[in-house]
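>>> Sequence and predicted model, in that order:
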Amino acid sequence: MLIRRPSDILPSEITPREVYLNRRQWMAGAAGLGLAAAFPGWTEAAPLSAAKSAFSTDEKLTSREDVTSYNNYYEFGVDKDDPAKNAGTLKTSPWRVKIDGLVSKPQEIGIEDLIKSSTLEERIYRMRCVEGWSMVIPWVGFPLADLIKRAEPLGSAKYVAFETVNRPNEMSGLRSVLPVLDWPYTEGLRLDEAMHPLAILAVGLYGETLPNQNGAPIRLVVPWKYGFKGIKSITRISFVEKQPQTAWNKQAPSEYGFYANVNPNVDHPRWSQATERRIGEGGLFAKRRQTLMFNGYAEQVASLYNGMDLRKYY
Amino acid sequence: MQDRASVQAAKKGFALPQVPKILVYIVGFIPAVWLFYAGITDQLGADPMRTLEQELGEWAFRFLIATLTITPLRQLFSINLLRYRRAIGLLAFYYALLHLTTYLVLDQGLDFAAIGADIVKRPYITIGMATFLILLPLAITSNNAAIRRMGGQAWAKLHKFVYLAAIGAALHFILVVKSWPLEPLIYAAIVAVLLGYRLVRRLGRKAEPRRRPA
């Protein structure tokens, strides 16, 4: 079969010049009208100062526009552009994070105090979604380990469980007829994973506080795991003895494991995980990239899983 | 049977204004032209390939569903759109072809090892490919010469496979998404109603023997 290389196809071969020039004018007008209606609830972003980190990658950043308009946040709808449209209704201030369970110092911290008392760093991480796409995102946050140390977990604490806020009035997806997930969203890490210096709680991106669609005011970022592990808008962090239930694992246990480490050799049952498309790279004709073991963080994290069968613990 | 029905419908149907069939194709291809244009000019969002692939697939499914509504519209509401059915069916095929081409060329970059693995290992790809293969002979025989060559009955029998294609498309859509979002389920429900209607009608016919014209 003879198929021409896609890059040879010029727009001019498909649409005559005068036709697309005309249409472009018309569309610019339509797009302007659409945009104003599309983001009614955008809250003001506040600047955050953050130190640079040696853990940052120097890969090309995904544009702020793409990072904030292409999101999976099912509490606000299942389409990628739904969160940017709908997440404005979530009130992120005041906000408290409850820390409880097997700790010496259970506590509730207001988000402002938490940010003030933490040393913020910029962490530029690769983010690999379980769906087969990836981004490079400049997060602002602090090591999850810092918060864990404050709470002083007991010896019996083996896992950390996270919970997203559950406010149907403010989260349109929670009011949908067919619940996509068993709300509230829950996630979890083994304590040693949670203590790993790469695991952070992010409170911002691109030097500013998080937009709601990215999980404001505070979310988890674990760069060697699939994106769905990065639970958003966290209200509760519990220290527990047994492996906690996690939202996607409950929904489809054979498809979304507790560990969910990025692994090109272990496919999702319905699609391959060997390659990924980097968002914003090359547009329509972007080539796929090879997915890296532990999303390229193998050197730092592989030892956490020594002796484990990663096919079984996917 | 179909001929008789169409004659009947023509007798009692409304006088819908007739438009040239070419207009159906022209209007039908607007979404495809727009999508390719928007894709090339970077207006399909953060993941243009995925948007193009999904939209082309959805349009194929919409046209496939549209062909299945022609008969019930005629039988239940005496709206006769039969003369446009071939154009709509072919549009479904052309969109399926564009959807498949997007998958092969833009999504997989013609990596035939990966494509082969997908077809064998991924049920939604297997079903998608099978659905396309079902549509292929229907598209090839969507012309008067083929009807003459095959004979009306054999041709009608072959084209009943469109029901299977609709089921394939519904499954393909459900299997490609995470969890159970509403949209693929709505499409599946529409297919279920359209096929269910035919089943009920057939069973009804069997139960009460047809009066034959003298």
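That came in fine, so what should we check first?

>>> which stretches of chain B have low pLDDT?
Applying pLDDT under 70 to chain B flags residues B:1-15, B:209-214.

>>> Select the longest helix from it.
helix B:48-77 (DSSP state H).

>>> Next, the angle from the helix or strand following it to helix B:48-77.
Using DSSP states H and E, the helix or strand that follows helix B:48-77 towards the C-terminus is helix B:85-101. Relative orientation of helix B:85-101 and helix B:48-77, computed by axes from the mean of the first three to the mean of the last three CA atoms, to 10 degrees: 160 degrees.

>>> can you list contacts of the helix or strand following helix B:85-101?
Tracing the chain C-terminally past helix B:85-101 and defining elements by DSSP H and E, one meets helix B:112-121 next. With contact meaning CB atoms under 8 Å, 6 or more residues apart in numbering or on different chains, helix B:112-121 is reached by A:D267, A:W271, A:S272, A:A274, A:T275, B:L104, B:Q108, B:I125, B:T126, B:M129. C-beta here means a position set from N, CA and C on the backbone, and glycine is covered the same way.

>>> If any of those are buried, put those into a ChimeraX selection.
Selection of the buried residues among those in ChimeraX, burial being defined by 16 or more other CB atoms under 10 Å in any protein chain shown:
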select /A:271,272,274,275 /B:104,108,125,126,129
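
>>> close to chain A, is the longest helix of chain B?
Yes: Helix B:48-77 is in contact with chain A by CB under 8 Å from any CB of the partner chain, via B:P48, B:M49, B:R50, B:L52.

>>> now, which of these sits nearest A:E152?
Top of the list for closeness to A:E152, among the residues of helix B:48-77 next to chain A and by CB to CB, is B:R50 at 45.1 Å.

>>> Correct me if wrong: the closest one contacts A:W133.
Yes: contact criterion CB atoms under 8 Å: B:R50 and A:W133 qualify, at 7.5 Å.

>>> Overlap in contacts, these two.
A:R277.

>>> For chain A, which segments count as helices?
Ranges of helices in chain A, per DSSP H, are A:11-14, A:17-38, A:64-69, A:82-86, A:111-116, A:144-151, A:191-194, A:247-251, A:298-301.

>>> what is the mean pLDDT for the first one?
When the per-residue pLDDT values of helix A:11-14 are averaged, the result is 46.

>>> and if you look at the longest one?
Taken as a whole, helix A:17-38 has a mean pLDDT of 44.

>>> got a list of what whichever residue of chain B sits closest to chain A touches?
When scored by CB to the nearest CB, chain B has B:A46 as its residue closest to chain A, at 3.5 Å. B:A46 makes contact with A:E65, A:D66, A:S69, A:Y70, A:K80, A:I279, A:G280, according to CB under 8 Å, 6+ apart.

>>> In ChimeraX, select just the buried ones from those residues.
One line in ChimeraX is enough to select the buried members of those, burial here meaning 16+ other CB under 10 Å:
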select /A:66,69,70,80,279,280
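
>>> now the contacts of B:A46 as TSV including pLDDT?
Shown next, in TSV, are the contacts of B:A46 (pLDDT from 0 to 100):
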residue	pLDDT
A:E65	95
A:D66	96
A:S69	95
A:Y70	96
A:K80	95
A:I279	96
A:G280	92
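
>>> just checking: which of the contacts of B:A46 also lie near chain B?
Okay, of the contacts of B:A46 touching chain B (CB under 8 Å from any CB), that's A:E65, A:D66, A:S69, A:Y70, A:K80, A:I279, A:G280.

>>> Next one: the residue nearest to the fourth one when sequence neighbours are not counted from A:L114, what distance?
What that stands for is A:Y70. Spatially, and ignoring its direct neighbours in sequence, A:Y70 is nearest to B:A46 (3.5 Å; CB to CB, 6 or more residues apart in numbering or on different chains). The spacing between B:A46 and A:L114, counted by CB to CB, to the nearest Å, is 30 Å.
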